[in-house]
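In: Sequence and computational prediction follow.
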Amino acid sequence: MDKDLVDQVIEVAQRVVAGGAISANGHGNVSLRVPGTDEIYFTAGPSLRNHKASAVVRLRLDGTLLEGELPPIQGAVVNMHTAMYEDNAEVGCVIHTHSPYATAYAVAHRPIGCWVEALAMFGLPTGVPIASYGPRGSAQAIANIRAAITPGVPAVLLANHGVLVFHRSADLAIVVGGVVEEAAQAGINSGSIGGPVEIPEELRAAAIQRAMAFQVKGTQHA
Ligand SMILES: [Zn+2]
């Protein structure tokens, strides 16, 4: 095991917990691609809270366990992670949680609309899609996830389960997980006062362009 990568995946888990976009019991899992390879480091512990470095495993994208111990209950969801890495070579981090508000939408079989500007800015201008239910990590569940997402979309709700976020970096995946939860919370909180109103489509494009302009500016060095 590469200690740096183990530390990195643990740090991501800690940041997800600290960010609060997670259920009370901390259920979920985080993975990072070993740069330039078909291998990932995966949190195989039962909870992201106080996840031990000793419970991190190294896997190949075909699901082969290379190092560490993978309990069957955690192994069942590995496919959900590996599929996201296999489908997009740019994906460097996958985060799965049962963050409470997003999971409420997943349980209600309702997608999250683009009623919070940050969704448009972070690659979800048409909101967060929902993948139909399939037993966790099953071929059916993976097929449903693939059917629900379109290229560039970094998150999907998993019906009757939770949420899956995948992005090129851990930083972005953590941010998107937080934005999805925030949008879900706002959607539910606004329910008693008329419900959320989506941003007009033409203005979502403007929000994306503005975010991209800032991103370009941010990469310039003095
Ligand atoms: Zn789960």
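Out: Structure's in. What do you need?
In: Who are the contact partners of the nearest residue to residue 195 once chain neighbours are set aside?
Out: Distances taken as C-beta to C-beta, 6 or more residues apart in numbering place residue 187 nearest to residue 195, at 7.8 Å, with adjacent residues excluded. For every residue, glycine as well, the C-beta is placed using N, CA and C. If you count contacts by C-beta atoms under 8 Å, 6 or more residues apart in numbering, residue 187 has them with 101, 105, 112, 113, 115, 195, 196.
In: which stretches of the chain form strands?
Out: According to DSSP state E, the chain carries its strands in the segments 28-33, 39-43, 56-60, 65-67, 93-97, 130-131, 155-158, 162-167.
In: Select, out of those, the one closest to residue 10.
Out: The minimum distance between residue 10 and these falls on strand 56-60, with 6.8 Å, by C-beta to C-beta.
In: Given the closest one, what are its sheet partners and their directions?
Out: strand 39-43 (antiparallel), strand 65-67 (antiparallel) (DSSP bridges).
In: Least confident secondary structure element in this structure?
Out: Within the chain, no helix or strand scores below helix 201-218, which has a mean of 76 by mean pLDDT, DSSP states H and E.
In: Report the backbone C-alpha coordinates of that one in CSV.
Out: Output in CSV follows, covering the C-alpha atoms of helix 201-218 (Å, rounded to 0.1, in the frame of the first residue of the first chain):
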residue,chain,number,x,y,z
GLU,A,201,-32.5,27.5,-18.7
GLU,A,202,-30.9,30.4,-20.5
LEU,A,203,-29.6,31.8,-17.2
ARG,A,204,-28.2,28.5,-16.2
ALA,A,205,-25.8,28.7,-19.2
ALA,A,206,-24.8,32.2,-17.9
ALA,A,207,-24.0,30.8,-14.5
ILE,A,208,-21.8,28.1,-16.1
GLN,A,209,-20.0,30.7,-18.2
ARG,A,210,-19.4,32.9,-15.3
ALA,A,211,-18.0,29.9,-13.3
MET,A,212,-15.8,29.0,-16.2
ALA,A,213,-14.5,32.5,-16.6
PHE,A,214,-13.4,32.4,-12.9
GLN,A,215,-11.8,29.0,-13.4
VAL,A,216,-9.7,30.2,-16.3
LYS,A,217,-8.6,33.2,-14.4
GLY,A,218,-7.7,31.0,-11.5
